[in-house]
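[1] Only the shape, not the letters, is given here:
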């Protein structure tokens, strides 16, 4: 709290004006509309609407397709988080060692953060392209009949690879910061007691890194849920047969056909609740870090 | 150093180099793809080193565009992307810094309400309110305009929080001193706070420029005319499901051009980038 302040009546409102106006017009108003629409049912011609309470939600959770998409999203997020976190941790532990030219490694590992998800999707689509892609040819040599246009598992592998690849740099940076915060003296003490590198990692480094890991798991889930739209749209369009459709993609896809407004709004509201939950978890973590 | 390894530090170096190769490989391949003839790519005969059609391919990409699909030269898309990224980054910084100024340096009714109204937008990413936001933008005649591309993304809880936190650490004595010098709220902001915030603004700019450049879902909805397309949207439209028509050498050249500006920002302003990334995640 500032002791010294300005006493003006109108000025502070003018300063806040632009930001508040944009949040109300483009954030709150649409969000409220989504919530309101999720309780309405529109007839097939869009002529009349009626209030139906929770009906859209009930219909939605009884849809096998919605359940299927939810499972897809969870599987996709888990795979992306697991793969990119493991690779990033392995690399960060190496880069944390006092190496010659250590800074160069950081530069060479962090740039994929700047690659747009859709562009990352295009890069990997090129390598996995069934008829001429380099990785596709390699897989065929191994006897795998690679065809992401028909095989759902192949398509999922492809989007997971692109999404995990892009997230390695972010995880690497935060792991590196977490590792730098671990006091050297603790590690030296363990080394004097005869603990080898593997033992030191699992009994000291890994537990002390757990706040960072937990934070990154939440961030990676948010990323996989919401920021991978471009990857999926560029690589598979949710296909084949919805095998790579995530919850966000489904909202987009269903709404574009323009049919079921209430159902699409209900999907948006469920996503909103997921975001609120994930943000709350993230903030609880931040508070914990402060009390440490 | 805890202990000396018998093999020196060979293993960590090796693992890091393998990591770097894995991370860089897709981009290297894209570069190679952007320098070859289309037939050599679609035959599966592309060698793992660059070919001789680089200048020709990039020239066509930037000034002519693909023949089958978008037809829009990528040069136009680059300009659109650049405008979008700059307006989003500068706009977010501008409206957030004045909001934070109001919240920290003034006392007025509804001050905390305003703070929470901004804060809660953290929980409303565009992905969860796609169609109602689209409808509002359409009602306001914002389709296919730069205002439509940027305005709905310009509010920023993160940036406001960051500036608020920073202003709280600025000593009160600075305000008292400039008051004695007869400075009002505008002069204090311009002569004292802005210069102090320079590093924060720069770090934030790096992150927000990348954020703006890489936007996908919103531009996809709001642009219908080809000449309003950004490069990230354009590249996806160049890939056609019937692979015979996809001009992969141009797609790869576009990918390289789409990556170049944000990656250059990260590499050249690495310190600011890391700082911005860590601070915006707090």
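    Arrived safely. Keep in mind that what you see is a predicted model, and the values were worked out from it rather than measured.
[2] remind me which residues of chain B are low pLDDT?
    B:1-8, B:67-71, B:241-244, B:281-282 (pLDDT under 70).
[3] and what of the stretch 1-150 of chain A?
    The model of the stretch 1-150 of chain A has pLDDT under 70 over residues A:1-3, A:43-47.
[4] any chance you could map the strands in it?
    For the stretch 1-150 of chain A, the strands defined by DSSP state E, counting those that start in this stretch occupy A:40-42, A:49-51.
[5] quick one: which of those strands is nearest chain B?
    strand A:40-42 (12.6 Å; Cβ to the nearest Cβ). Every C-beta, even on glycine, is put in place using the N, C-alpha and C of the backbone.
[6] Name every strand pairing with the closest one and say which way it goes.
    strand A:49-51 (antiparallel) (DSSP bridges).
[7] Contacts for the strand it pairs with next, please.
    Under the criterion Cβ atoms under 8 Å, 6 or more residues apart in numbering or on different chains, residues A:39-43 lie in contact with strand A:49-51.
[8] from the chain's centre, how far out does it sit?
    In terms of Cα atoms, centre = their mean, to the nearest Å, the centre of strand A:49-51 is found 35 Å from the chain centre.
[9] quick one: buried residues of it?
    For strand A:49-51, a neighbour-count test (16 or more other Cβ atoms under 10 Å in any protein chain shown) marks nothing as buried.
[10] Next: stretch A:7-26.
    Neighbour counts using 16+ other Cβ under 10 Å place A:8, A:11-13, A:15-16, A:18-20, A:22-23, A:25-26 of stretch A:7-26 among the buried residues.
[11] Residue A:262: which of the residues you listed is nearest?
    Nearest to residue A:262 among the buried residues of stretch A:7-26 is residue A:26, at 22.0 Å by Cβ to Cβ.
[12] now the closest one: how far from residue A:236?
    30 Å (Cβ to Cβ, to the nearest Å).
[13] same thing with residue A:224?
    Distance from residue A:224 to residue A:236, counting by Cβ to Cβ: 15 Å.
[14] what about these two, which has more around it?
    residue A:224 (27 against 24; other Cβ atoms under 10 Å in any protein chain shown).
[15] Check whether that one really touches residue A:164, as I assumed.
    No - using Cβ atoms under 8 Å, residue A:224 makes no contact with residue A:164, being 9.1 Å away.
[16] Give me the common contacts of these two.
    With Cβ under 8 Å, 6+ apart as the test, residue A:224 and residue A:164 both reach residue A:80.
[17] centroid residue for the chain?
    Since you didn't name a chain, this refers to chain A. Chain A has residue A:223 as the residue nearest its centroid, 1.3 Å off, counting by Cα atoms, centre = their mean.
[18] you looked at the wrong chain, it should be chain B
    The residue lying closest to the centre of chain B (Cα atoms, centre = their mean) is residue B:210, at 1.8 Å.
[19] can you pull the contacts of it?
    A:113-114, B:85, B:262, B:265-266.
[20] circling back to that earlier point, nearest residue to the residue nearest to the centre of chain A in space, please, no chain neighbours.
    residue A:167 (5.9 Å; Cβ to Cβ, 6 or more residues apart in numbering or on different chains).
[21] wait, what's in contact with that neighbour?
    A:80, A:84, A:88, A:220, A:223.
[22] where's it, which helix or strand?
    helix A:152-180 (DSSP states H and E).
[23] Show me the helices in the stretch 1-150 of chain A, by range?
    A:11-23, A:29-37, A:55-61, A:64-96, A:102-110, A:117-128, A:134-141 (DSSP state H, counting those that start in this stretch).
[24] now swap in the stretch 51-200 of chain B and tell me
    B:54-59, B:74-105, B:111-120, B:130-139, B:146-150, B:157-169, B:172-180, B:185-188, B:194-196, B:198-213.
[25] Show residues contacting the shortest one.
    The one in question is helix B:194-196. Residues from elsewhere that reach helix B:194-196 (Cβ under 8 Å, 6+ apart): B:97, B:170.
[26] how about a cut-off of 10 Å?
    Helix B:194-196 has contacts (Cβ atoms under 10 Å, 6 or more residues apart in numbering or on different chains) with B:97, B:101, B:166-167, B:169-170, B:174, B:188, B:201.
[27] Pick the one among these closest to residue A:154.
    Closest approach between these and residue A:154, by Cβ to Cβ: residue B:201, at 45.7 Å.
[28] shouldn't the closest one be in contact with residue B:209?
    No - contact criterion Cβ atoms under 10 Å: residue B:201 and residue B:209 do not qualify, at 11.9 Å.
[29] Find residues that contact each of the two.
    Listed as contacting both residue B:201 and residue B:209 by Cβ under 10 Å, 6+ apart are B:89-90, B:276.
[30] Of the residues you listed, which qualify as buried by neighbour count?
    Here, 16+ other Cβ under 10 Å leaves B:89-90, B:276 buried among those.
[31] between the contacts of helix B:194-196, which is nearest residue A:135?
    The closest of those to residue A:135 turns out to be residue B:201 (Cβ to Cβ; 42.1 Å).
[32] Make a markdown table from the buried ones among the shared contacts of residue B:201 and residue B:209 and add distance to chain A to it.
    Formatted as a markdown table, these follow (distance: Cβ to the nearest Cβ, whole Å):
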| residue | distance to chain A |
| --- | --- |
| B:89 | 13 |
| B:90 | 13 |
| B:276 | 11 |
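[33] Of these, just say which sits nearest to residue A:284.
    Distances from residue A:284 to these, taken as Cβ to Cβ, are shortest for residue B:276 (23.8 Å).
[34] and the closest one, what element?
    Counting by DSSP H and E, residue B:276 is part of helix B:270-280.
[35] and the contacts of strand A:49-51, which are buried?
    Members of the contacts of strand A:49-51 classed as buried by 16+ other Cβ under 10 Å are A:39-42.
[36] Just give me the closest of the buried ones among the shared contacts of residue B:201 and residue B:209 to residue A:200.
    residue B:276 (32.6 Å).
[37] does that closest one really touch residue A:173, like I thought?
    No - under the criterion of Cβ under 10 Å, residue B:276 makes no contact with residue A:173, lying 11.3 Å away.
[38] intersection of neighbour lists for the two?
    If you check residue B:276 and residue A:173 against Cβ under 10 Å, 6+ apart, no residue is contacted by both.
[39] Can you give me the neighbour number for residue B:37?
    16.
[40] wait, what's in contact with it?
    By Cβ under 10 Å, 6+ apart, the contact list for residue B:37 reads B:43, B:45-46, B:51-53, B:56-57, B:249.
[41] among those residues, which are within reach of chain A?
    Checking these against chain A by Cβ under 10 Å from any Cβ of the partner chain, the ones in range are B:43, B:45-46.
[42] Just the buried ones among those residues, please.
    Among the ones next to chain A among the contacts of residue B:37, those classed as buried by 16+ other Cβ under 10 Å are residue B:46.
[43] Among the ones next to chain A among the contacts of residue B:37, which are located in helices?
    With helices defined by DSSP state H, no entry of these lies inside them.
[44] okay if I get the ones next to chain A among the contacts of residue B:37 as TSV plus distance to residue B:214?
    Listed next are the ones next to chain A among the contacts of residue B:37 as TSV, based on distance: Cβ to Cβ, whole Å:
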residue	distance to residue B:214
B:43	33
B:45	33
B:46	27
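[45] Pick the one among the ones next to chain A among the contacts of residue B:37 closest to residue A:282.
    residue B:46 (43.6 Å).
[46] I figured that closest one was touching residue B:31, is that so?
    No - look at residue B:46 against residue B:31 with Cβ under 10 Å: they stay out of range, at 11.7 Å.
[47] To residue B:235, which of the helices of the stretch 51-200 of chain B lies closest?
    Per Cβ to Cβ, nearest to residue B:235 of the helices of the stretch 51-200 of chain B: helix B:74-105, 8.3 Å.
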